[in-house]
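In: coords please:
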Amino acid sequence: MLYEQVSNLEIKIDECQLTLHQRDTSSGFTRVTTVVALTGDNETGYGEDVTYDDDDHQPMHHSADELDLTGTYTLEDFSRRLSEIDLFFGTEPSQAISRNYRQWAFESAALDLGLKQANTTLSEQLDREYQPVHFVVSTRLDDPSTGDRVINWLDRNPDVSFKLDPTSAWTADTIDRLAATNAVRILDLKGQYQGTVVDQPADPELYQQVIDAFPDALIEDPALTEETRPLFDGHEHRVTWDYPVQSVSAVEQLPIDPEWLNIKPSRFGSVHALFNTIDYCSKHDIQMFAGGQFELDVGREHIHAIASLFYPEAPNDAAPKGYNDPNPDDDLPTSPLAPPHNPRGLSWRS
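Out: From the prediction side, this is the model:
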């Protein structure tokens, strides 16, 4: 079992520091994250809290002095210690899943620190080899949804592939234009989200259009209703899940048995839950790909490291951070990403 290979890593923590990061994105919003730095024995482990609501980051920064994590632990002990702490300091996050996001920030920092203090890497600890990571670019279309953003990317790099979020505003012409590129690998219907700015209610007409127009694309997180469920008859192998995937038990309760899953480490909260789910997928021949969340710092590197070990050739929604900038540079890395020459800890940075 994967988790048993890291659960007993020894971690010594002398100090915890928090740093707020902020950057505009290509999807039209300003992203805020918090980087957690755990320091001990002249090493520092890093993790990133990808909680989406800006206000949810503030209580932790205002109460940072109350957060005493000093001590010597195993990774398992540290995870148990985190479960005893209210990391939102008496406030209720706007989304319940944010508690997992924050726990992951601290656990990934601890894993990074423990690996560095043991003078090893995640690949060495798991006895696996880093492989080049293939990726797709995730982007929302401009409004009105003409598809110009995708065409512009292809003009810059004809080999780029995409994960797109269809909406009811997409016209038939837009769908035909996008389908003609043969560059769309994943279509995220956002049907499992509720109470967020990206909600896309069940739309039978939209679902039928994308099923027909993109016969080779994976279709993520549909909202299954009496009207929409029959549309996927014969296409179950293309349905993949993201938002509900937080544990093995969550996978077992999915309404359509998956052949593909989107693995976002922060959704799981703990290293234990993440690694158990990867083990489960491997045992049940469920293919996996990485999912990103507009990480601004080490969170994206951690996604690359894990993808490199377990699903490097998948359509990983984990393009380098520069692809999310409103005005991306012309010299962005192309897919696949080569493994770093001298990785340390959980980091995948050269």
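In: burial of D330, as a residue count?
Out: Residues near D330, counting by other C-beta atoms under 10 Å, number 6. For the C-beta atoms, the positions are set from N, CA and C on the backbone; glycine is no exception.
In: That should have said Q103, apologies.
Out: Residues within reach of Q103, counting by other C-beta under 10 Å, total 23.
In: now do the one 5 residues further on
Out: By other C-beta under 10 Å, 29 other residues sit near S108.
In: Then the one 4 residues further on?
Out: Taking other C-beta under 10 Å as the neighbour definition, D112 ends up with a count of 28.
In: mean confidence for the helix or strand that contains it?
Out: Using DSSP states H and E, D112 sits within helix 98-117. Regarding helix 98-117, the rounded mean pLDDT is 98.
In: Tell me which helix or strand comes right after that helix.
Out: Sequence order places helix 122-126 as the next helix or strand after helix 98-117, per DSSP H and E.
In: continuing past that next one, what's the next helix or strand?
Out: Going down the chain from helix 122-126, the next helix or strand is strand 137-139, by DSSP H and E.
In: Tell me how many other residues crowd T30.
Out: Residues lying near T30 (other C-beta under 10 Å) number 9.
In: cool, and K116?
Out: K116 is flanked by 22 other residues according to other C-beta under 10 Å.
In: Contacts only, for it.
Out: Contact partners of K116, counting by C-beta atoms under 8 Å, 6 or more residues apart in numbering, are E43, T44, G45, R344, G345.
In: circling back to that earlier point, starting at the chain centroid, how far to the helix holding D112?
Out: Using C-alpha atoms, centre = their mean, to the nearest Å, the mean C-alpha position of helix 98-117 is found 15 Å from that of the whole chain.
In: Can I get it in CSV, CA atoms only?
Out: What follows is helix 98-117 as a C-alpha-only set of coordinates in CSV (Å, rounded to 0.1, in the frame of the first residue of the first chain):
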residue,chain,number,x,y,z
SER,A,98,-12.3,24.0,1.9
ARG,A,99,-11.5,22.1,5.1
ASN,A,100,-9.9,19.4,2.9
TYR,A,101,-8.0,22.0,0.9
ARG,A,102,-6.5,23.5,4.0
GLN,A,103,-5.6,20.1,5.6
TRP,A,104,-3.9,19.1,2.3
ALA,A,105,-1.8,22.3,2.4
PHE,A,106,-0.4,21.3,5.8
GLU,A,107,-0.1,17.6,5.1
SER,A,108,1.7,18.2,1.8
ALA,A,109,4.0,20.6,3.5
ALA,A,110,4.7,18.0,6.2
LEU,A,111,5.3,15.3,3.5
ASP,A,112,7.6,17.6,1.7
LEU,A,113,9.5,18.4,4.9
GLY,A,114,9.7,14.7,6.0
LEU,A,115,11.1,13.7,2.6
LYS,A,116,13.7,16.5,2.7
GLN,A,117,14.8,15.7,6.2
